[in-house]
Structures are given as structure tokens and as C-alpha cells.
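Chemist: Build me a model from this:
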Amino acid sequence: MKLVKFTRYEKFVIGILAFLQFTIILDFMILSPLGAILMPALQITPSQFGLVVSAYAFSAGASGLLAAGFADRFDRKKLLLFFYVGFLVGTLFCGLAPNYKFLLAARIVTGLFGGVIGSIILSIVTDLFEYEKRGRVMGIVQTAFAASQILGIPIGLYFSNLWGWHAPFFMIVLIGILAGFLIFFNLKPIRDHLLIQSEQTAARHFFQTLKNPRYLLSFIFMALLSTGGFMIMPFGSAFTVHNLGIPVENLPLIYLVTGLGAIVSGPLIGKASDDFGKLKIFFFGTILTIIMVFIYTNLEITPLWIAMLVNALLFVGIFSRMIPAQAFMSAVPDPANRGAFMAISTSLQQISGGFAAVIAGTIVHEAADGKIENFNTLGYILIITAIFNFIILYYLDKQLIRR
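Modeler: Here you go, the predicted structure:
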């Protein structure tokens, strides 16, 4: 087994990209738990609050598609700084929002800029790290999701209890400014891809990437990858409280254990993806996800320790699919249109996730006693998409080997 080492600069790049991912995910996730404070403060209805939450996802997806045409035309460092500054400005406006309409507009602006950053991060990882290292890198970068759960959200809620719902957004802006300075002064220019660009227009570059037969199946794969998760996650806390009988005050403990499990398992899954192969680890993640989703979505009254164990194993399964999938997809596009490919792929994930959450809302129902009905139907849909995802990746893996 080949020993893979990272240079000091590579460790800095991994660290700063993971931190950027942390701020982006935290900004997206922090709004949902703030609902109980924000709705009465702005005097808005649950449907209006739902629109505020979904506005980010849809604007992020749209901006990624719009940016795809010129994603490969600029130094990736400059592109990253431009969109990150826009993201921080949008987040600042969220914190300053005096009313519902202002907040809705601020979330749209934040999504327009924040939605592109994820694809730029993936492009940078692909540009700077060999394929044999990318599983490890993706494993570390994706732990930002878990870190936002066990660090960012509790701290943000604590600040909101002290100083109001505006405070978490100001917190994100302050730590984001620090990250911006680190990028500006320490990240080297990333522009080797500029040497192999053609003279075609941004629109032509976008459409050529979008309709490339070799990429189409990858786009379908990435869109399906997020569908099931976006169906289950919005209703997870209500299902845990009302169906499993877990007191609401114990929810943070479940999030803590789940997040810690993800932080520990993420880098290990990334390393295993490099050592044993992306497809094998994805297969393992698919089997584990199918088993745990079936168990989780069919649970009834459950002891706390079992709920924590099931949630932790479910996230290990999800990470065992997400990390090798992203590492694998980094090898699909040609270097000349890598940025466009990543932008389109990320956008389709966000858009399909947004539609999945909307569809899920029409499937599940809240009973008179608060229980979430038809939640297991969402689980069966996730299982079906997981099977389709593995079949598609198996086919793509054969294509990649032939290339």
C-alpha cells in the first residue's frame, strides 16, 4: 500500500478549503434552527420561512449554471475570492435584515455567490492533487459538514439566544473575513488550466460541457446523489421527536454524536477510497446506507442510545457514498472544462435537492398527535436512488478504466 504524504503547502490548502466549506455549509444550515426565533421576530408565516430557506438553494443552483461558462476562464484563486467576498456581503445583509422582504433578497444574493464556491473548491482540489490523493482530501473537506453540526450550529444558537437571530450571520462574516485574508496572502495563483483554453465564448463553453455525452451520465449521477438526503433531512428532527419519542432537549446530543462520528469517519473513508478504490468504498456505503435508511425510517418508539447509533451509522453510510463519489467525479472532466463541469454538477445537486425537499413535503403528513406519516416512503425512494447511483457509477468506472 502506497504511503501518501502531503507537503506543508498542500496541508494549508486542504485546511483553508475545509474551513471555507464549513462557513458555506453553516450559512446554509443555520437558518433552519433559527426558525423558532426568526418567525415571531419578523412576524412571518411558516410558508414564508420555508421560502427564505429554499431561496438560497435555488439561487445557488441557478448561479452555478450561469457561472459554468466562464469558470475555466480565470485564475481559480481570483474567482474564489470574488465569489467568497460576495457571499460574505450577502451574509452581512442577512444579519442586517430588518424585515422579511429584505431577508429574502439577502438570501438570494448569498446563494448567488455561495452556490459557486463549492464547485471552485472541487476544481482546486482536482487541479492541485493527484487522483491517488483526492479521496483523502475530499474526506477532510467534507468533515466541514459535521463540524458545522457540532460546532457552528450550537455556537450560532448560543449567540442568537444572547443577542438575537442576527448574531450568527455576523459571526460567519467575522470568521469568513479571516479566511479571506488567508486566501489572499497565502494561496498561490491557480491558472495552469488557462493554458489549454480555446477561443470559444462562455455560452458555447457551457453548452459544449453540458451536452458532452461522456459528462451527461455523471450529471445525472450527481443529481440523484443528493435527492434522497434532501427528502429525509428536513423532516428528521420532527420524526425523531414525534415518532421515536426522543425529547426535544436530547436532539443536540444526537447531533453531537452524529457529527463526531462523521468527523472521525470522514478522513478514514477518504483514505480507504484511495487505498482500496473509489467504487469499492462507494459500494460499501451504498449497502450500509440502504440498511440504515430502512431501519431508521421504519423505527417507532426508540431508546436514545439506539437513535444515536442508527443516526451515526447512517451518516457513515452517507459519507461512504459522498466522499468516493466526489473523488471519482474529479477524474471525469478534461482539464480544459473542469471548472464548468464542477459548476454544472454542483448546481444540479442543489436544484435537484430543492425539488426533492418540495416533493417530500407532498408525501409526508403530520398526524393530529404530531407524528410524521409516510416517512418510510421517503426511505424507499432513497433506497431506489442509491441502487441506481451504484449502477451508474459502475458503468462510469468501466468507462474511466477504458480511457
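Chemist: Okay, now the unreliable bits of the stretch 201-350 of the chain?
Modeler: Applying pLDDT under 70 to the stretch 201-350 of the chain flags the ranges 201-202, 205, 234.
Chemist: where along it do the helices fall?
Modeler: Under the criterion DSSP state H, counting those that start in this stretch, the stretch 201-350 of the chain contains helices at 202-210, 213-242, 251-276, 278-297, 304-329, 338-363.
Chemist: And the longest one, what's buried?
Modeler: By neighbour count on 16 or more other Cβ atoms under 10 Å, the buried set for helix 213-242 is 215, 218-219, 221-242. Yep, even glycine has a C-beta here, placed from its N, CA and C like the rest.
Chemist: Direction-wise, compare it with helix 338-363 and give the angle.
Modeler: 40 degrees (axes from the mean of the first three to the mean of the last three Cα atoms, to 10 degrees).
Chemist: what angle sits between helix 213-242 and helix 251-276?
Modeler: Using the same axes, to 10 degrees, the direction of helix 213-242 lies 150 degrees away from that of helix 251-276.
Chemist: and if you look at the first one?
Modeler: An angle of 80 degrees separates the directions of helix 202-210 and helix 251-276 when computed by the same axes, to 10 degrees.
Chemist: what's helix 202-210 in contact with?
Modeler: Helix 202-210 has contacts (Cβ atoms under 8 Å, 6 or more residues apart in numbering) with 65, 68-70, 72-73, 198, 200, 215, 219, 333, 337, 340-341, 344.
Chemist: out of the residues you listed, which are buried?
Modeler: Burial by neighbour count, 16+ other Cβ under 10 Å: within these this picks out 65, 68-70, 72, 215, 219, 333, 337, 340-341, 344.
Chemist: Show me which pair in the residues you listed is furthest apart.
Modeler: Pairwise distances across the buried ones among the contacts of helix 202-210 peak at 18.9 Å for 70 and 219 (criterion: Cβ to Cβ).
Chemist: Surely residue 389 touches residue 225?
Modeler: Yes - counting by Cβ atoms under 8 Å, residue 225 is a contact partner of residue 389 at 5.9 Å.
Chemist: joint contacts of these two?
Modeler: 321, 325.
Chemist: In stretch 309-325, which residues are buried?
Modeler: Buried residues in stretch 309-325 (16+ other Cβ under 10 Å): 309-325.
Chemist: which one of the contacts of helix 202-210 is nearest residue 167?
Modeler: The nearest one, if we look at the contacts of helix 202-210 relative to residue 167 and count by Cβ to Cβ, is residue 65, at 33.1 Å.
Chemist: show me what contacts the closest residue in space to that closest one that isn't next to it in sequence?
Modeler: Spatial nearest neighbour of residue 65, chain neighbours left out: residue 347 (4.8 Å); criterion: Cβ to Cβ, 6 or more residues apart in numbering. Residues in contact with residue 347 (Cβ under 8 Å, 6+ apart) are 60-65, 68, 115, 119.
Chemist: Columns pLDDT, distance to residue 102 and secondary structure on top of the residues you listed, output as JSON lines?
Modeler: Listed next are these as JSON lines, based on pLDDT from 0 to 100; distance: Cβ to Cβ, whole Å; DSSP: H, G, I helix; E, B strand; the rest coil:
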{"residue": "60", "pLDDT": "84", "distance to residue 102": "19", "secondary structure": "helix"}
{"residue": "61", "pLDDT": "82", "distance to residue 102": "22", "secondary structure": "helix"}
{"residue": "62", "pLDDT": "83", "distance to residue 102": "20", "secondary structure": "helix"}
{"residue": "63", "pLDDT": "83", "distance to residue 102": "20", "secondary structure": "helix"}
{"residue": "64", "pLDDT": "80", "distance to residue 102": "24", "secondary structure": "helix"}
{"residue": "65", "pLDDT": "79", "distance to residue 102": "26", "secondary structure": "helix"}
{"residue": "68", "pLDDT": "72", "distance to residue 102": "29", "secondary structure": "helix"}
{"residue": "115", "pLDDT": "81", "distance to residue 102": "20", "secondary structure": "helix"}
{"residue": "119", "pLDDT": "82", "distance to residue 102": "28", "secondary structure": "helix"}
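Chemist: Looking at those residues, which is nearest residue 271?
Modeler: The closest of the contacts of residue 347 to residue 271 turns out to be residue 119 (Cβ to Cβ; 24.2 Å).
Chemist: ok, the closest one to residue 390 distance?
Modeler: According to Cβ to Cβ, to the nearest Å, residue 119 stands 24 Å off from residue 390.
Chemist: Neighbour count for these two, which is higher?
Modeler: residue 119 (26 against 19; other Cβ atoms under 10 Å).
Chemist: From what I see, that one and residue 64 are in contact.
Modeler: Yes - the criterion here is Cβ under 8 Å, and residue 119 meets it with residue 64 at 6.0 Å.
Chemist: what sits in contact with each of the two?
Modeler: Common neighbours of residue 119 and residue 64 (Cβ under 8 Å, 6+ apart) are 343, 346-347.
Chemist: Which residue, neighbours along the chain excluded, lies closest to residue 399?
Modeler: residue 214 (7.2 Å).
Chemist: Let me know whether that neighbour touches residue 395 as I believe.
Modeler: No - Residue 214 lies out of contact with residue 395 (Cβ under 8 Å); the separation is 11.6 Å.
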